[in-house]
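1. any chance you could fold what I've pasted below:
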Amino acid sequence: MDAFVQVLERSPRPGAGNSLETLVLCLLLSLVLGQVIAWTYSMTHSGLSYSRTFTQSLVVLTLIVNLVMLVIGDNIITAFGLIGALAIIRFRNVLKDTRDTVFVFLSLVIGMAVGSQKYMTAIVGTAVTALVLIYLHFTAFGTLGRFDGHLSFLAPWSPRGEEEHLDVLRRFCRLWKRVSLRHVGSDGDSEYVFQVRMRDADHSQELLDALLGVPGVRDVSLVLRDELAEV
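-> Below you'll find the model as predicted:
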């Protein structure tokens, strides 16, 4: 283990050529770290613009930048030659989400770190950045709204009935706030409208089924907003 850490922490000698061992290590490490970046992107992605090809490109981009750094090495002439060659290529694909740009830049930086044989920097940088991105995703950092949807249903009003409604909300919602209670019709039904924040949006149907299981409840409706749209 100590020998492996020493390999990761050692700095390349100026002007030293790339041995087969170094080439294989760089390629394997950039492949692993590129997959970590792509997995983090896939896990934390929200919205409708997900692209499988973009996710795969994050892995390949890390490999390519690593190879570019290995090719350049300490040769300034090669560096200017590659810059000129890359200037010919025009990328017209527009990224729809600024977060996608972050992942592209992360892949570039990690590929550069591996290609310059700064292995420990690449590993620690990838791990810390991935943890930060996962933290921001699961804490919904930056979200302005406390509630993520509206729940409405019809039910006869009674103190016991309201307590049963609240029991269901406690099971499936982190937060809830009654927006209105309106008496409708001549049969004594009331229309309840709540703002809710779900514990897990995937369990929305279970919430509806649980409310329909309460005696007298009908016409249950749940409208969840897009988490990327602040309203």
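2. counting by contacts, list what the helix or strand hosting residue 209 packs against.
-> Per DSSP states H and E: residue 209 is located in helix 204-212. Helix 204-212 sits against helix 159-172, strand 218-224, with contacts defined as 3 or more C-beta pairs under 8 Å, 6 or more residues apart in numbering; DSSP states H and E. C-betas here are computed from N, CA, C, even on glycine.
3. right, and the ones you listed - which one's nearest residue 46?
-> strand 218-224 (12.7 Å; C-beta to C-beta).
4. what residues sit buried inside that closest one?
-> 220, 222 (16 or more other C-beta atoms under 10 Å).
5. what residues does it touch?
-> 148-155, 196, 198, 201, 204, 207-208, 211-212 (C-beta atoms under 8 Å, 6 or more residues apart in numbering).
6. pLDDT of it, averaged?
-> The average pLDDT within strand 218-224 is 87.
7. do the same with stretch 116-133
-> Rounded mean pLDDT across stretch 116-133 is 92.
8. for that stretch, buried residues please.
-> Those would be 116, 117, 118, 119, 121, 122, 123, 125, 126, 129, 130, 133, for stretch 116-133 by 16+ other C-beta under 10 Å.
9. how about low-confidence regions in the protein?
-> 1-18, 47-48, 77-94, 143-147, 185-187, 226-231 (pLDDT under 70).
10. not counting its neighbours along the chain, what's nearest the residue nearest the centre of the chain?
-> Closest residue to the average C-alpha location of the chain: residue 44 at 1.6 Å, with C-alpha atoms, centre = their mean. Nearest non-adjacent residue to residue 44, counting by C-beta to C-beta, 6 or more residues apart in numbering: residue 137, 3.7 Å away.
11. just residue 97 next, same as before
-> Per C-beta to C-beta, 6+ apart, closest to residue 97 is residue 49, 6.0 Å.
12. circling back to that earlier point, mind checking which of the contacts of strand 218-224 are buried?
-> Neighbour-count burial (16+ other C-beta under 10 Å) applied to those gives 148, 149, 151, 153, 154, 155, 196, 198, 204, 207, 208, 211.
13. just the closest of the residues you listed to residue 142, please.
-> Closest to residue 142, out of all of the buried ones among the contacts of strand 218-224 and judged by C-beta to C-beta, is residue 148, at 13.9 Å.
14. hang on, isn't that closest one packed against residue 201?
-> Yes. Between residue 148 and residue 201 a contact is recorded at 7.3 Å, counting by C-beta atoms under 8 Å.
15. residue boundaries of the strands in this structure?
-> Here the chain has its strands, by DSSP state E, at 149-156, 173-183, 189-198, 218-224.
16. closest one to residue 53 among the ones you listed?
-> Among the strands of the chain, strand 218-224 sits nearest to residue 53 (C-beta to C-beta), with 28.4 Å.
17. many thanks, have a good one.
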